[in-house]
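**Q** Sharing a sequence plus its predicted fold:
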Amino acid sequence: MADDGTTAGTEDAALAGVLAAEHAAVWGYGVVGAALPVEGRAPAAAGEQAHRDSRDRLAELLDERDADPVPAEGGYQLPFPVLSAVDAAALAVVLEDGTSAAWVALLDAAGDVPVRQLAVDSLGAAEERAVAWRAAAGRTPVTTALPGLAGS
Amino acid sequence: MSASPASPGFPRRRLLTGTAGLALLLAGCTSGGSGAAAEQAAEQTAAQGDRLTAQVPVQEAVVAAYDAAVAADPALGGAVPDLPGQAREQLDRLRAAAPGATASSPSAPPGPPAGTDVRAWLRDQVSAAAAAHAAACVEASGAGSALLGSLAAGLRGHAAALA
């Protein structure tokens, strides 16, 4: 049991869920960057690096717990064709919203304070990036009341 | 680069579908198998409720800050029309999850000082509330932690939109 009664297995499963989402985000940001003009790729590169960092930290955490880190897929099916800069921004929104949902699930399952700290920090950073991408995609509103929570 | 959903280069797994549609319910306590376990669970539930209740005034202050900012600078309300409503939605979700929380009449927070940058003042208020919710999230657990973390992230997004 973790320090608040949550089972370690539940927390590990949620960590693996976030890791899977981060793998997908790293892959997806490659598509995002490729669809943007060269001069507009900096936000995509920053987003990709942020997700690489999260992926690596999660893999370390799982390894420390003797849990096998879930590997990346060879590729992923895009939710829609990415043919323009607006499509790229919309895909980045999907990626950030997907990882946000996974981080929230981890908060729900986590028993360890450092894990919750990692989750809430990463969740906030994902929403900040999502705000910028929603604006780039022409979405309104650019914010969400409750990122990662169902029904928000 | 283009890719269609039917591209042969991608496996059948859809991007991130495994993380969508998470149902996080605040009423998801399980009963303990023994008296001691049940007592411990009850204590944890009470502590969880206290943490959520303690954050209600923080969110009430955010709603009040939006009201004060829009009153001081009506153009700001037009520039970010959705944010005040989202702040109220956040407050409603928090009150619904916090046992015993009632709509209170918080002492009127000071509005933006005369001559100040109202948008920057509002951003500071929102950022401070986000930090408070995040700190409470780390100390909470389960669905309460999830809700507080989502609130904190939502307000970080608001601060980004106000930048």
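**A** That came through fine.

**Q** and the host helix or strand of B:R93, does that touch chain A?
**A** Here B:R93 sits within helix B:83-97, counting by DSSP states H and E. Yes. Applying CB under 8 Å from any CB of the partner chain, one finds that helix B:83-97 is in contact with chain A at B:83, B:86-87, B:89-90, B:93. To be clear about C-beta, it is placed using only N, CA and C from the backbone, and glycine gets the same treatment.

**Q** how about the strands in chain B?
**A** Using DSSP state E, no strands are found in chain B.

**Q** The lengthiest helix in chain A: how far from the chain's middle?
**A** For chain A, the longest helix by residue count, based on DSSP state H, is helix A:8-34. Here helix A:8-34 is found 6 Å from its chain centre; the criterion is CA atoms, centre = their mean, to the nearest Å.

**Q** Would you agree A:V70 is in contact with A:H23?
**A** Yes. Between A:V70 and A:H23 there is a contact under CB atoms under 8 Å: 7.4 Å.

**Q** and these two? which has more neighbours close in?
**A** A:H23 (22 against 17; other CB atoms under 10 Å in any protein chain shown).

**Q** for the closest residue to that one other than its chain neighbours, helix, strand, or coil?
**A** Closest residue in space to A:H23, ignoring its immediate chain neighbours: A:A72 at 3.9 Å, by CB to CB, 6 or more residues apart in numbering or on different chains. At A:A72 the chain is in coil, as set by DSSP: H, G, I helix; E, B strand; the rest coil.

**Q** Retrieve the pLDDT associated with A:A72.
**A** With respect to pLDDT, A:A72 has a value of 95.

**Q** any weak-confidence spans in chain A?
**A** Low-confidence segments of chain A (pLDDT under 70): A:1-6, A:151-152.

**Q** Strands of that one, start to end?
**A** Under DSSP E, chain A gives no strands.

**Q** Quick check: closest non-adjacent residue to the residue nearest the centre of chain A.
**A** Residue closest to the average C-alpha location in chain A (CA atoms, centre = their mean): A:T99, at 2.6 Å. Closest residue to A:T99 apart from its sequence neighbours, by CB to CB, 6+ apart: A:A21 at 4.7 Å.

**Q** What separation is there between the one you found and A:Q49?
**A** Here the criterion is CB to CB, to the nearest Å. By it, A:A21 lies 16 Å from A:Q49.

**Q** more crowded one of those two?
**A** Remark: of A:A21 and A:Q49, A:A21 carries more neighbours, 29 against 12, as counted by other CB under 10 Å.

**Q** Buried residues, the lowest-mean-pLDDT helix or strand in chain B. List them.
**A** Within chain B, no helix or strand scores below helix B:35-72, which has a mean of 87 by mean pLDDT, DSSP states H and E. For helix B:35-72, a neighbour-count test (16 or more other CB atoms under 10 Å in any protein chain shown) marks B:41, B:44, B:48-49, B:51-53, B:55-56, B:58-70, B:72 as buried.

**Q** Quickly note the distance from B:E39 to chain A.
**A** Shown here: B:E39 relative to chain A, a distance of 12 Å by CB to the nearest CB, to the nearest Å.

**Q** Can you give me every residue that contacts residue 55?
**A** Let's take chain A. A:19, A:22-23, A:26 (CB atoms under 8 Å, 6 or more residues apart in numbering or on different chains).

**Q** wrong chain, I was asking about chain B
**A** Contacts for B:Q55 (CB under 8 Å, 6+ apart) come out as B:94, B:98, B:132-133, B:136, B:148, B:151.

**Q** redo that, cut-off 7 Å
**A** Applying CB atoms under 7 Å, 6 or more residues apart in numbering or on different chains, one finds that B:Q55 lies in contact with B:94, B:133, B:136, B:148.

**Q** what about the third one, distance to chain A?
**A** What it means is B:A136. 10 Å.

**Q** what's the neighbour count on that residue?
**A** Using other CB under 10 Å, B:A136 is surrounded by 22 other residues.

**Q** Excluding chain neighbours, what is closest to B:Q48?
**A** B:Q48 sits nearest to B:G144 (CB to CB, 6+ apart), 4.5 Å away.

**Q** and the one you found, how many residues sit next to it?
**A** 28.

**Q** List the contacts of it.
**A** Here B:G144 is in contact with B:26, B:48, B:51-52, B:97 (CB under 7 Å, 6+ apart).

**Q** now do A:F80
**A** Per CB under 7 Å, 6+ apart, neighbours of A:F80: A:D87.

**Q** Could I get the phi/psi values of it?
**A** phi -160, psi 160 (degrees, to the nearest 10).
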